[in-house]
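Colleague: model this:
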Amino acid sequence: MNTSPLNQGFDYIIVGAGSAGCVLANRLSADPACRVLLLEAGGPSQGFWLRLPVGYFRTINDKRFSWQFPVEAQAETAHRAMVWPRGKVLGGSSAINGLLYIRGQRADYDDWAALGATGWSYRDVLPYFKRSERYDGGANEFHGGAGELGVSDLRNDHPYCEAWLDAAAQAGHPRTPDFNGAQTDGMGRYQLTLRGHWRCDAATAFLTPARQRGNLTVVTGAHVSQVLQDKGRAVGVEWIQGGTRQSARADGEVVLAAGALQSPQLLQLSGIGPAQLLRQHGIAVKVDAPEVGENLQDHYQARVIVKLRKKHSLNDDIRNPWRLAQMGAQWLFQKRGPLTVGAGQVGGLACTEYAEGGRADVLFNVMPLSVDKPGDALHRFSGFSASATQCRPLSRGSVHLRSGDPLAAPRIVSNYLQHPQDARVLVAGLRQLREIYAQPAFKHLVTGEEHFPGTGVTSTEALEAFARHKGGTVYHPVGTCRMGGDAASVVDERLRVRGVDGLRVIDASVMPRMVSTNTNAAAIMIGEKGAAMLLEDAA
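Modeller: Got it, this is the predicted structure:
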């Protein structure tokens, strides 16, 4: 790693070492003549639980590794105050996420192109997914085999998860062998970002091999406070580290890769955003950009949790010393077993009665355990969980400055379930989960007692009330620096911030519409394609 003074000029300054930022640092620094500075507000990604795949249960709500962003309480979700964790280490949220590697539906990216993001259709982005990926199954039409990001098929065989898949087939849901292959819909086993025994986050995959390059400087604990501008051009950044302010000059471009919450916040702190909001907080308006911080989208889920007849839940296994020893041995010697699992083992994409054009509109996620929320203790009973999530919510929220203090968390308004269609699809998804549980392949495994929503909760009104009172985030905020071809979009199709030269946003915040599934794979692809654009434009 380069330890030369920071008062030198850099060709590129990247703000944020998350999923996209680590890819950018690797690709841009591959040219020895290109000077790259990567700034990360969090710390180094160190610790056993950050590396162990199943460790996200411990780290996702640990303030050492995770920003705990408060979300405004709202009537639509029973006035509950929620918290959104985001990664606070090198690797960003890819270091604390549930490891699922799933790209979404092909139509998700075709939607982007139709919304004005020219060059971002599925056919356009597939090569960038493949470029990053080192799939254990080898390269093929849909997977890459020579990239840095380790992608593995599920390594835990749980008979009840297989029984659930059989039950889903009995309920009429098709089976798919690979959600990232030819058939993205249907039910199947999830792929995970694993390499060997360990989690393969973005820092492990992309940043670690690049840090020995003399032209790459990585600074942690650097909370960027503003983008420095001169005559309509980004010329550097200023940050706070250890209570002191520092800055660096960008001779080429400044790239924001701080994520869907902090990239719009940093734009607003830099005078790029809704003029009225900026003036309210005493910030000089450089560019009146009303959409900065708007278009916030996130997946919202509700679960059906049943009680098992036999003690075949991970709830039981973690309290059994003999089973714990077996799990440890299986992980150590076979690189398999419960210690390799992510936030879902099986599940898939399905159509409710509200689906349009035969396109799946609900996502299922299944685990042979039960818990109120990640980070809490597992239930004392033998539980089995399946969650339903609307793929493409119509509700939109916002991220706005709470004050002019760069260290203050932004004001996040989720607006979950504000659009009535979101609640309708979610209720339909819960009904489908109950239908799967009731099939012969699974019905004999359960006691008949339902923990969530509860056996007596049957009407549409009661199920919707349950979802509003007990549902929650799937940790997928996107969209707050919308990409598009129209003048109102925050960035254009090459991810350049409108109104400021030499400034781009390259992270999940640029999604005009969220993908139907987990967002980490898409964020890495955005980093890959964004890096290629930077290099193309520089040439």
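Colleague: could you check the distance from Asn26 over to Gly147?
Modeller: Distance of Asn26 to Gly147, given as CB to CB, to the nearest Å: 10 Å. The C-beta positions use only the backbone N, C-alpha and C, and glycine is treated the same way.
Colleague: between those two, which one's more packed in?
Modeller: The neighbour comparison of Asn26 against Gly147 (other CB atoms under 10 Å) goes to Asn26, with 26 against 20.
Colleague: any idea which helix or strand carries the more buried one?
Modeller: In this structure, Asn26 is located in helix 19-29 according to DSSP states H and E.
Colleague: Quick one: list the elements packing against that helix.
Modeller: Here helix 19-29 touches strand 9-15, strand 36-40, helix 202, strand 216-220, helix 520-538, going by 3 or more CB pairs under 8 Å, 6 or more residues apart in numbering; DSSP states H and E.
Colleague: so how far is the second one from its chain's centroid?
Modeller: Averaging C-alpha positions (CA atoms, centre = their mean, to the nearest Å) puts strand 36-40 21 Å from its chain's average.
Colleague: what's in contact with that strand?
Modeller: 6, 10-17, 21, 24-25, 28-29, 89-90, 207, 215-222, 224, 237, 239, 248 (CB atoms under 8 Å, 6 or more residues apart in numbering).
Colleague: What residues does the closest residue to Asp136 other than its chain neighbours make contact with?
Modeller: Nearest non-adjacent residue to Asp136, counting by CB to CB, 6 or more residues apart in numbering: Ser152, 4.7 Å away. By CB under 8 Å, 6+ apart, the contact list for Ser152 reads Tyr135, Asp136, Gln191, Leu192, Thr193, Leu194, Arg195.
Colleague: Can I get stretch 170-183 as CSV, trimmed to CA atoms?
Modeller: The C-alpha coordinates for stretch 170-183 follow below in CSV (Å, rounded to 0.1, in the frame of the first residue of the first chain):
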residue,chain,number,x,y,z
GLN,A,170,-46.4,-29.8,-5.2
ALA,A,171,-47.9,-26.3,-4.9
GLY,A,172,-47.1,-25.7,-8.6
HIS,A,173,-43.8,-23.8,-8.4
PRO,A,174,-41.2,-24.8,-11.0
ARG,A,175,-37.7,-25.8,-9.9
THR,A,176,-34.6,-23.9,-11.1
PRO,A,177,-31.1,-25.2,-10.9
ASP,A,178,-29.4,-21.8,-11.0
PHE,A,179,-31.0,-18.4,-10.3
ASN,A,180,-28.1,-16.8,-12.1
GLY,A,181,-28.5,-18.9,-15.2
ALA,A,182,-31.0,-19.4,-18.0
GLN,A,183,-34.1,-19.6,-15.7
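Colleague: Next, the buried residues of that stretch.
Modeller: By neighbour count on 16 or more other CB atoms under 10 Å, the buried set for stretch 170-183 is Gln170, Ala171, His173, Thr176, Asp178, Phe179, Asn180.
Colleague: now do stretch 370-384
Modeller: In stretch 370-384, counting by 16+ other CB under 10 Å, buried: Ser370, Val371, Pro374, Leu378, His379, Phe381, Ser382, Gly383, Phe384.
Colleague: of those, the lowest pLDDT goes to which?
Modeller: Confidence by pLDDT is poorest for Pro374 among the buried residues of stretch 370-384, given 68.
Colleague: Out of the buried residues of stretch 370-384, name the ones that lie in strands.
Modeller: Under the assignment DSSP state E, the buried residues of stretch 370-384 contribute Gly383, Phe384 to strands.
Colleague: which two from the buried residues of stretch 370-384 end up farthest apart in space?
Modeller: Spanning the widest gap among these are Pro374 and Ser382, at 19.2 Å by CB to CB.
Colleague: Closest to Ala202 out of the buried residues of stretch 170-183?
Modeller: Asn180 (17.5 Å).
Colleague: Tell me who's in contact with the closest one.
Modeller: Tyr101, Ile102, Arg103, Phe129, Phe142, His143, Gln191, Ala521.
Colleague: Sitting in strands, which of those do you find?
Modeller: Among the contacts of Asn180, no member is found in strands (DSSP E).
Colleague: Now, of those, which are buried?
Modeller: Neighbour-count burial (16+ other CB under 10 Å) applied to these gives Tyr101, Ile102, Arg103, Phe129, Phe142, His143, Gln191, Ala521.
Colleague: Mind putting these into JSON lines with distance to Tyr56 and pLDDT?
Modeller: Formatted as JSON lines, the buried ones among the contacts of Asn180 follow (distance: CB to CB, whole Å; pLDDT from 0 to 100):
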{"residue": "Tyr101", "distance to Tyr56": "14", "pLDDT": "98"}
{"residue": "Ile102", "distance to Tyr56": "16", "pLDDT": "98"}
{"residue": "Arg103", "distance to Tyr56": "20", "pLDDT": "98"}
{"residue": "Phe129", "distance to Tyr56": "23", "pLDDT": "98"}
{"residue": "Phe142", "distance to Tyr56": "26", "pLDDT": "98"}
{"residue": "His143", "distance to Tyr56": "24", "pLDDT": "98"}
{"residue": "Gln191", "distance to Tyr56": "16", "pLDDT": "98"}
{"residue": "Ala521", "distance to Tyr56": "16", "pLDDT": "98"}
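Colleague: Tabulate those residues (CSV), appending distance to Ala113.
Modeller: As requested, the buried ones among the contacts of Asn180 are exported to CSV (distance: CB to CB, whole Å):
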residue, distance to Ala113
Tyr101, 23
Ile102, 20
Arg103, 15
Phe129, 16
Phe142, 19
His143, 22
Gln191, 25
Ala521, 18
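Colleague: Just give me the closest of the residues you listed to Gly471.
Modeller: For Gly471, the closest of the buried ones among the contacts of Asn180 turns out to be Ile102, at 20.6 Å, with distances computed as CB to CB.
Colleague: any idea how far Val235 is from the nearest residue to that closest one once chain neighbours are set aside?
Modeller: Excluding the flanking residues, the one nearest Ile102 by CB to CB, 6+ apart is Thr517, at 4.4 Å. Remark: distance between Thr517 and Val235 (CB to CB) = 39 Å.
Colleague: more crowded one of those two?
Modeller: In this view Thr517 and Val235 are compared by other CB under 10 Å, and Thr517 has more residues nearby, 30 against 19.
Colleague: quick one: the strands in the stretch 101-250 of the chain?
Modeller: Here the stretch 101-250 of the chain has its strands, by DSSP state E, counting those that start in this stretch, at 133-135, 149-151, 186-189, 194-195, 198-199, 216-220, 223-230, 233-241, 244-256.
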